[in-house]
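Student: What follows is a predicted structure for the sequence shown.
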Amino acid sequence: MLTIRRSDERGHADHGWLDSRHTFSFADYHDPLHMGFRGLRVINEDRVQGGKGFGTHAHRDMEILSYVLEGALKHSDSMGTGSVIRPGDVQRMTAGTGVRHSEFNGSDTVTVHFLQIWLLPSRQGLLPSYEQKTFSDDEKRNRLRLVASPDASDGSVTVHTNAKLYASILGAGDTVSHRVLPGRHAWIQVVRGTVKVGTEELREGDGASTSDAGPLALEGVNPSEVLVFDLG
């Protein structure tokens, strides 16, 4: 059985320079019925206007992933990392014992559109670290490409938690399948287009969870991009 979280039911914060949609409770948006799913704590869909961004701020004891859909996101942190995250890139930052960082739109004119994802770490007090890898569209086309895992399988970035993240790009009628093992759980997040999961259609911004063991079939209704989280 799928439990669906529709896009228009998400929390919304419009700061002018930042338009943010919150799948789960975040900052001033609090919904006790949507505090996360298993170890998945945050999925924010952010659009940052040109030349704007998040000034230096602190995090600790969280695994943070950034998944850019459009534009370029400039990152700088207290570990000395400076990078630009573009579509196809997956960035992982382990906040651990504490890190300070900033994120800015790398263009003065083009809006940057990205997902900010937080996962609870398997243990607290980790040494802060940073990793970034690129996964081409071809790697994700008509398959579930592993992009984050606890053991860096298949060239994925390493997350210090009991979770795997897959990304897929589907054309109309294309299908992929993920098997949910007993005791595991899945969250599906549609980032572009429309995807059919079983008998349900999930549109851009929709999410859904299931704890049912067995195959989980996804079909592109139109050109689509989807993330699948496999969670302990």
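Tutor: That came through fine. Numbering: from 1, shown residues only.
Student: For the protein, which segments count as helices?
Tutor: Assigned helices in the chain, in chain order: 137-140 (criterion: DSSP state H).
Student: Quickly list the domain ranges of it.
Tutor: 11-135, 138-231 (automatic domain parsing).
Student: what's the closest of the ones you listed to residue 2?
Tutor: Closest of the domains of the chain to residue 2 is domain 138-231, at 4.6 Å (criterion: C-beta to C-beta). Every C-beta, even on glycine, is put in place using the N, C-alpha and C of the backbone.
Student: follow-up on the earlier one: export the domains of the chain to TSV and tack on mean neighbour count, mean pLDDT and distance to residue 2?
Tutor: TSV is the format used below for these (neighbours: other C-beta atoms under 10 Å; pLDDT from 0 to 100; distance: least, C-beta to C-beta, whole Å):
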stretch	mean neighbour count	mean pLDDT	distance to residue 2
domain 11-135	17	96	12
domain 138-231	18	98	5
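Student: Can I get the ones you listed in CSV including distance to residue 4?
Tutor: Listed next are those as CSV, based on distance: least, C-beta to C-beta, whole Å:
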stretch, distance to residue 4
domain 11-135, 12
domain 138-231, 5
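Student: Relative to residue 3, which of the ones you listed is closest?
Tutor: When the domains of the chain are compared for distance to residue 3 using C-beta to C-beta, the nearest one is domain 138-231, at 4.9 Å.
Student: I figured residue 224 was touching residue 189, is that so?
Tutor: No. Between residue 224 and residue 189 there is no contact under C-beta atoms under 8 Å: 11.5 Å.
Student: mind checking which of the domains of the chain is nearest residue 5?
Tutor: Across those, residue 5 has its closest neighbour in domain 138-231 (4.3 Å, C-beta to C-beta).
Student: mind checking the end-to-end distance for the closest one?
Tutor: End-to-end span of domain 138-231 (C-alpha to C-alpha, to the nearest Å): 25 Å.
Student: on that earlier part again, what's the closest of the domains of the chain to residue 1?
Tutor: domain 138-231 (6.1 Å).
Student: mind checking how far the closest one is from the chain centre?
Tutor: Distance of domain 138-231 from its chain centroid, counting by C-alpha atoms, centre = their mean, to the nearest Å, is 11 Å.
Student: quick one, phi psi at residue 86?
Tutor: Backbone torsions of residue 86, given as degrees, to the nearest 10, read phi -120, psi 170.
Student: Chain neighbours aside, what residue packs nearest to it?
Tutor: Residue nearest to residue 86 in three dimensions, not counting chain neighbours: residue 72, with 5.1 Å by C-beta to C-beta, 6 or more residues apart in numbering.
Student: isn't the one you found right up against residue 108?
Tutor: No. Using C-beta under 8 Å, residue 72 makes no contact with residue 108, being 11.3 Å away.
Student: residues touching residue 143, list them.
Tutor: 168, 176 (C-beta atoms under 8 Å, 6 or more residues apart in numbering).
Student: quick one: it from residue 136, how far?
Tutor: Residue 143 sits at a distance of 12 Å from residue 136 (criterion: C-beta to C-beta, to the nearest Å).
Student: beta partners for residue 22?
Tutor: residue 11, residue 44 (DSSP bridges).
Student: how far away is it from residue 205?
Tutor: 11 Å.
Student: okay, and the common contacts of the two?
Tutor: With C-beta under 8 Å, 6+ apart as the test, residue 22 and residue 205 both reach residue 10.
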